[in-house]
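In: I would like the atomic coordinates for the input below:
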Amino acid sequence: MLTVKMITVGTLKEKYLRDAANEYIKRLSAFCKFEEVNIRESRLPENPSKTEIDSALSAEAKSIASAISPKAYKIALCVEGKQFSSENLAKKISDISMQHGEICLIIGSSHGINDSLKNSCDLKLSVSELTFPHQLMRVILLETIYRSFNIIKGTKYHK
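Out: Below you'll find the model as predicted:
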């Protein structure tokens, strides 16, 4: 069974977002072994400088990298990433599952992901050109992955 690991920076603060994320995690268990790793977000001043942000992203990248399995197919969520239709993302996940035993999805902090970590990933993914609250993105990604598995299995969830 494919392992899907979601590595995120920070924690979900709002109960309704935690509840939604937990519901999709529960649903995903029918399709994959799901793991979630939360990395502590670096503390920054209210108006951080670029140097402070870069330093925080570098520290977070080290923590993220230590949680990634060497055999995993690494996907970084970022605004400059490639966009897929639901069907094409499902095909991509299906293809990845044939070659790798694990998919690792990386969601950085509200400041993003360190460039060197992003560039080491196998795929940069953008879910939309729209901007979403950072914490809501987790729920959107979980639903997107759940929908992909439903498309792969041919269920009626995706219409």
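
In: going forward, measure contacts and count neighbours with C-alpha atoms only.
Out: Will do.

In: Return the top helix by length along the chain as CSV; C-alpha atoms alone will do.
Out: When the chain is parsed with DSSP state H, its longest helix is helix 134-153. Provided in CSV are the C-alpha atoms of helix 134-153 (Å, rounded to 0.1, in the frame of the first residue of the first chain):
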residue,chain,number,x,y,z
HIS,A,134,-2.1,28.9,4.9
GLN,A,135,-3.9,26.6,7.3
LEU,A,136,-6.9,26.1,5.0
MET,A,137,-4.4,24.9,2.3
ARG,A,138,-3.9,21.7,4.3
VAL,A,139,-7.6,20.8,4.1
ILE,A,140,-7.7,21.7,0.4
LEU,A,141,-4.7,19.5,-0.2
LEU,A,142,-6.1,16.6,1.8
GLU,A,143,-9.4,16.8,-0.2
THR,A,144,-7.5,17.0,-3.5
ILE,A,145,-5.5,13.8,-2.6
TYR,A,146,-8.7,12.1,-1.5
ARG,A,147,-10.4,13.0,-4.7
SER,A,148,-7.4,11.7,-6.7
PHE,A,149,-7.6,8.3,-5.1
ASN,A,150,-11.4,8.2,-5.8
ILE,A,151,-10.7,9.0,-9.4
ILE,A,152,-8.1,6.2,-9.5
LYS,A,153,-10.5,3.7,-8.0
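
In: Longest strand in this protein, please.
Out: Identified as the longest strand of the chain according to DSSP state E is strand 73-82.

In: what packs against that one?
Out: Identification of packing neighbours for strand 73-82 by 3 or more Cα pairs under 8 Å, 6 or more residues apart in numbering; DSSP states H and E yields strand 102-107, strand 123-125.
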